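Fold the following, please.
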Amino acid sequence: MTPEKLEQTRQDYIAEYGNDFLFRQEFLLDEGQALATSYYGNTITKAREQGRIGDHPYNKKLPVYVNYDLGLADSTACLFWQYDKKKLNIIDSFETHDVGDTALIKFIKSKPYNYAWHFLPHDGSVRDSADAVARIQKWRNEGIINASLLRKEGKEDGIRRAIALLSSPDTTIHKPTTTEFVRKLAIYKRKFNQFTGDYEGAEHKSESHYADTWRYVNAALEQSFRPDGTPYMTIPTKKKEPEMVVQET
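Presented below is the predicted three-dimensional model:
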């Protein structure tokens with residue numbers, strides 16, 4: 001790119017995002033500016049340095065859990081993970097904005113994973129205006145019977161705990177299948193009032209979906225696993241539908 005074209009691109013980023021942080025990261029490979037307002041940027045940098053974001057593939061001997069941020073008019077994001085002896089490994093990620101629940105469920109089932117549980121966010125109880133059926137019930141109707149809703153939590157407190165989870169030496173991420181997740185988590189940032197400079201919370205943009213899903217992973221660990229790392233859930237079998245101790249709200 002010519003210097004003129006590069007500068008025009010920078011101005012386009014400023015017009016869309018309010019600053020050139022993302023431009024500097026994407027075009028100049030400079031994460032310093034992006035990290036200034038990023039919730040997870042510094043933690044991701046340290047995780048890379050420690051080798052916790054790298055080659056940590058799927059273990060076929062362990063079951064897989066999935067967390068979702070279910071979109072209606074926007075994107076749906078999914079994180080696939082394994083949890084063994086209180087060690088968390090994010091093995092896969094997926095995001096889409098143009099498929100419905102039925103198509104998404106078929107895709108999830110096509111993955112070569114032995115699913116233990118599917119965690120839907122609290123708004124999975126919302127009924128579809130077209131047929132008045134709750135989304136979680138639709139998933140169960142499609143054969144995803146090992147699913148439950150997470151309890152709603154405060155966003156700021158949830159982000160704080162999710163940052164701590166990412167900082168843990170027991171958290172790893174398989175880089176080859178989670179590139180977009182890691183990239184978007186790094187640019188998920190704080191929003192400040194342009195006039196007063198006051199903090200206004202998390203900025204809601206395309207990276208919010210993966211960030212919310214990561215926060216839900218932490219919620220699933222807190223709400224659905226015992227202190228020793230064992231799940232409260234009864235893993236389903238062909239003879240018996242699963243049971244869940246955590247109450248749906």
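
residues of the longest helix seen in the chain that come out buried?
When the chain is parsed with DSSP state H, its longest helix is helix 208-224. Neighbour-count burial for helix 208-224 flags 208-221, 223-224 (criterion: 16 or more other CB atoms under 10 Å). C-beta coordinates here come from the backbone N, C-alpha and C atoms, glycine included.

Centre of the chain to it, how far?
The chain centroid and the centroid of helix 208-224 are separated by 6 Å under CA atoms, centre = their mean, to the nearest Å.

Can I get it in PDB? Just the C-alpha atoms.
What follows is helix 208-224 as a C-alpha-only set of coordinates in PDB (Å, rounded to 0.1, in the frame of the first residue of the first chain):
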ATOM      1  CA  SER A 208     -18.500  -8.600  21.900                       C
ATOM      2  CA  HIS A 209     -20.000 -12.000  21.000                       C
ATOM      3  CA  TYR A 210     -16.800 -14.000  21.600                       C
ATOM      4  CA  ALA A 211     -16.100 -11.900  24.700                       C
ATOM      5  CA  ASP A 212     -19.500 -12.600  26.100                       C
ATOM      6  CA  THR A 213     -19.100 -16.300  25.300                       C
ATOM      7  CA  TRP A 214     -15.700 -16.300  27.200                       C
ATOM      8  CA  ARG A 215     -17.400 -14.700  30.200                       C
ATOM      9  CA  TYR A 216     -20.100 -17.500  30.000                       C
ATOM     10  CA  VAL A 217     -17.300 -20.100  30.100                       C
ATOM     11  CA  ASN A 218     -16.300 -18.700  33.400                       C
ATOM     12  CA  ALA A 219     -19.900 -18.600  34.600                       C
ATOM     13  CA  ALA A 220     -20.300 -22.300  33.600                       C
ATOM     14  CA  LEU A 221     -17.300 -23.300  35.700                       C
ATOM     15  CA  GLU A 222     -18.500 -21.300  38.700                       C
ATOM     16  CA  GLN A 223     -22.200 -22.400  38.500                       C
ATOM     17  CA  SER A 224     -21.900 -26.000  37.300                       C
END
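
same for that helix, what does it pack against?
strand 64-69, strand 76-84, strand 87-96, strand 115-120, helix 155-167, helix 179-186 (3 or more CB pairs under 8 Å, 6 or more residues apart in numbering; DSSP states H and E).

can we see that at 10 Å?
Judged by 3 or more CB pairs under 10 Å, 6 or more residues apart in numbering; DSSP states H and E, the packing partners of helix 208-224 are strand 64-69, strand 76-84, strand 87-96, strand 115-120, strand 147-149, helix 155-167, helix 179-186, strand 199-202.

Would you tell me which one of those is buried the most?
strand 64-69 (a mean of 24; mean count of other CB atoms under 10 Å).

between the longest helix of the chain and strand 87-96, what angle do the directions make?
If you take axes from the mean of the first three to the mean of the last three CA atoms, to 10 degrees, helix 208-224 sits at 140 degrees to strand 87-96.

now the angle from helix 208-224 to strand 76-84?
Relative orientation of helix 208-224 versus strand 76-84 (the same axes, to 10 degrees): 40 degrees.

I'd like to check the angle between helix 208-224 and helix 155-167, please.
Put simply, helix 208-224 runs at 80 degrees to helix 155-167, going by the same axes, to 10 degrees.

What residues does the residue nearest in space to the middle of the chain make contact with?
With distances taken as CA atoms, centre = their mean, residue 213 lies nearest the centre of the chain, 2.6 Å away. By CB atoms under 10 Å, 6 or more residues apart in numbering, the contact set of residue 213 is 66-70, 76-79, 93-95, 119, 121, 181, 185.
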